[in-house]
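>>> Next comes the sequence, and after it the predicted model I'd like to discuss.
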Amino acid sequence: MTLSFSVLASGSSGNAFYIGTDKENILVDAGLSGKQLDRLFQQVNVDPSKLSRILVTHEHSDHIKGLGIFARKYDLPIYANQKTWAAMDGSLGKLALDQKFTFNSGQVQTFGDIDVESFGVSHDAAEPMFYTFHHQGQKVALVTDLGYVSERIKKTVENANALIFEANHDVSMLQMGRYPWNVKRRILGDYGHVSNDDCALALTDIIGNKTKRIYLAHLSKDNNMKELARMSVENHLSEASFPINNGLEIHDTDPNIPTPIYRVV
């Protein structure tokens, strides 16, 4: 048995992440419509009726748009911290009491044969947090929607077998782009999003001997391009003597196309 996952959707229009084993199947975030989520699961040959639960990172609509609908359709329990539950109040429709569970930041909870560790990030939400997943010595880390990467976060996610990591924007594209200055300032600030260059710099401290795959996630539609993000990160890592394409692979993610299921080895 091994951890398997797919970045179902990633970007400012919607986010969803699937991870599972033979015994446990978890969806993190449901930031697309129920129909879109069903389509994404179908594309990676995962039956959503086999899901065990949904974990929530924070209350922004690109992470919870289809949460209530999907949870009701498949009768799934939802886990979020108390501040996120309060911030989502009124956005999810009617949920049964036995579908609402608390998972606070800084906790480890065991679901089936997966230990899930939550950790806080700096983002302009009520109490945003992301997750690392542990199973039989394997580790997968999901880290997006953060203004900067703290030393605490680096320690939490270091040497994961696979990392799903934010490379939101190219700073020059953002500065020259059409966004109003207050939005640019938010994105560039400590509670915004991580740039391609800052992603690469953080990864140099995080990648370990076990790390085989990095997925560049939550790319801005207006202020980034897959090729640019990948080139920026690969150049930084190559200069730091990391074995790009010789033991370490960089992968794209997409807002509409799921990544193929990857089985951690």
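Nice, I can see it.

>>> can we go C-alpha only for contacts and neighbour counts from here?
Fine.

>>> quick one: buried residues of stretch 137-144?
Neighbour counts over stretch 137-144 (16 or more other C-alpha atoms under 10 Å) mark Q138, K139, V140, A141, L142, V143, T144 as buried.

>>> and that stretch, how far from the chain's centre?
9 Å (C-alpha atoms, centre = their mean, to the nearest Å).

>>> sorry, back to before: out of the buried residues of stretch 137-144, list just those in strands.
Using DSSP state E to define strands, the subset of these located there is Q138, K139, V140, A141, L142, V143.

>>> Can you tell me, leaving aside adjacent residues, what's nearest to the first one?
Which is Q138. N161 (6.4 Å; C-alpha to C-alpha, 6 or more residues apart in numbering).

>>> quick one: contacts for the one you found?
For N161, the contacting residues are Q138, K139, V140, K210, T211, K212, R213, V264, V265, by C-alpha atoms under 8 Å, 6 or more residues apart in numbering.

>>> ok so, going back, could I get the ones in strands among the buried residues of stretch 137-144 as JSON lines with pLDDT and distance to G66?
Shown next, in JSON lines, are these (pLDDT from 0 to 100; distance: C-alpha to C-alpha, whole Å):
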{"residue": "Q138", "pLDDT": "98", "distance to G66": "30"}
{"residue": "K139", "pLDDT": "98", "distance to G66": "27"}
{"residue": "V140", "pLDDT": "98", "distance to G66": "24"}
{"residue": "A141", "pLDDT": "98", "distance to G66": "23"}
{"residue": "L142", "pLDDT": "98", "distance to G66": "20"}
{"residue": "V143", "pLDDT": "98", "distance to G66": "21"}
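
>>> now the contacts of N161 as TSV including distance to T2?
Below are the contacts of N161 laid out as TSV (distance: C-alpha to C-alpha, whole Å):
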residue	distance to T2
Q138	8
K139	10
V140	11
K210	15
T211	15
K212	15
R213	15
V264	6
V265	7
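
>>> thinking again about what came up before, can you tell me which of the ones in strands among the buried residues of stretch 137-144 comes closest to V28?
The closest of those to V28 turns out to be L142 (C-alpha to C-alpha; 9.4 Å).

>>> So that closest one sits against M129, correct?
No. The pair L142 / M129 is not scored as a contact, 9.9 Å apart, by C-alpha atoms under 8 Å.

>>> quick one: stretch 153-169 to chain centroid distance?
Computed by C-alpha atoms, centre = their mean, the chain-centroid distance of stretch 153-169 equals 10 Å.

>>> With stretch 147-162 instead?
In this view, stretch 147-162 has its centroid 13 Å away from the chain centroid, taken as C-alpha atoms, centre = their mean.

>>> What of stretch 25-36?
That offset, for stretch 25-36, works out to 12 Å (C-alpha atoms, centre = their mean).

>>> Pull out the buried residues from that stretch.
N25, I26, L27, V28, D29, A30, G31, L32, S33, G34, Q36.

>>> Can you name the residues bridging to the fourth one?
Judged by DSSP bridges, the bridge partners of V28 are F17, L55.

>>> Which residues are in contact with it?
Taking C-alpha under 8 Å, 6+ apart as the criterion, V28 is in contact with A16, F17, Y18, I54, L55, V56, T57.

>>> Compile those residues into CSV and extend it with columns for neighbour count.
Formatted as CSV, those follow (neighbours: other C-alpha atoms under 10 Å):
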residue, neighbour count
A16, 26
F17, 22
Y18, 23
I54, 23
L55, 23
V56, 25
T57, 29
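
>>> Relative to P48, which of those is nearest.
Proximity of these to P48 (C-alpha to C-alpha) peaks at Y18, which lies at 9.9 Å.
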